[in-house]
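>>> Would you be able to build a 3D model of this:
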Amino acid sequence: MAARRVSKSSIDWAKLQKVLPQGQQNIYSNLLAKNYQYTSVIASLPENLPKIDFESYRKQLANPSAIDKLEKGYSAFQAPYPKDTENSVSKIDQSENEEHARLTEFLKQINQAIEVLKAEKFKLNNIPPLEEMTMELEAYYFPEKADIYKPILEEEDAYAKILEAKKKGLHH
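So this is what the prediction gives:
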């Protein structure tokens with residue numbers, strides 16, 4: 001049958017389904033159905049042209065030479081398998097490889113961003129209650145605001161100065 005003329009599908013349908021977002025799964029289903037429909041139509045076609053009984057036509061017509069020409073042309077006809085003259089398949093393969101590399105890099109960046117966001121989520125889920133929040137804790141949990149507290153955090157604590165002085169014996 002015609003199935004020998006068509007090579008195996010180069011589309012990995014399972015992989016395509018995994019890669020597509022949930023919102024495009026209906027497009028995937030439609031595409032898959034069309035592919036099966038076209039494949040079954042191609043498979044149902046005969047591999048060779050149907051045989052015509054030219055003898056019965058010769059008997060019916062007064063001029064059998066016209067039937068001879070028609071038979072010669074019909075038997076000589078060969079529908080060649082289309083050739084890739086513009087090298088489209090290799091261009092598509094190259095584009096696929098480039099997109100695969102871009103997708104891999106994109107997924108790597110997304111996974112890194114996910115890890116950063118998970119760490120941020122963990123930190124935010126473990127923030128102490130507002131009543132217990134000190135400036136140091138606020139600077140830790142919200143480093144983007146640390147510039148506001150930097151002068152305060154850098155100045156020495158008066159209590160720490162007194163303790164240090166007591167250790168040195170300078171304070172009474």
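>>> Give me the residue ranges of the protein where confidence is low.
Under the criterion pLDDT under 70, the flagged ranges of the chain are 1-9, 146-167, 169-172.
>>> Longest helix in it, please.
Looking only at the chain and at elements set by DSSP state H, the helix with the highest residue count is helix 88-125.
>>> which parts of the helix or strand following it are buried?
Sequence-wise, the next helix or strand beyond helix 88-125 is helix 135-141, with elements assigned using DSSP states H and E. Within helix 135-141, the residues that count as buried by 16 or more other CB atoms under 10 Å are 138-139. (Each C-beta comes from the backbone N, C-alpha and C, glycine too.)
>>> Distance from the chain centre to helix 135-141, please.
Relative to the mean C-alpha coordinate of its chain, helix 135-141 is positioned 41 Å out (CA atoms, centre = their mean, to the nearest Å).
>>> what's the answer for stretch 14-30, then?
For stretch 14-30, the separation from the chain centroid amounts to 10 Å (computed by CA atoms, centre = their mean).
>>> what residues are up against the closest residue in space to L20 that isn't next to it in sequence?
The spatial neighbour of L20 that comes closest, neighbours along the chain excluded (CB to CB, 6 or more residues apart in numbering), is Y28 at 5.3 Å. Y28 is in contact with 16-17, 20, counting by CB atoms under 8 Å, 6 or more residues apart in numbering.
>>> try Y57
Under the contact definition (CB under 8 Å, 6+ apart), the residues listed for Y57 are 67, 70.
>>> center of this structure - which residue?
Of all residues in the chain, the one closest to the mean position by CA atoms, centre = their mean is V19, 4.5 Å from it.
>>> Enumerate every residue touching that one.
If you count contacts by CB under 8 Å, 6+ apart, V19 has none.
>>> Distance of it relative to L107?
Look at V19 and L107: by CB to CB, to the nearest Å, they are 10 Å apart.
>>> V89 too?
For V89, the distance to L107 equals 26 Å [CB to CB].
>>> Next: G23.
Applying CB to CB, one obtains 18 Å for the distance of G23 from L107.
>>> okay, the two: which has more neighbours?
L107 (10 against 7; other CB atoms under 10 Å).
>>> Which strand or helix spans Y57?
Under the assignment given by DSSP H and E, the secondary-structure element containing Y57 is helix 54-60.
>>> Same question for that helix: list its buried residues.
Of the residues in helix 54-60, F54 count as buried by neighbour count, 16+ other CB under 10 Å.
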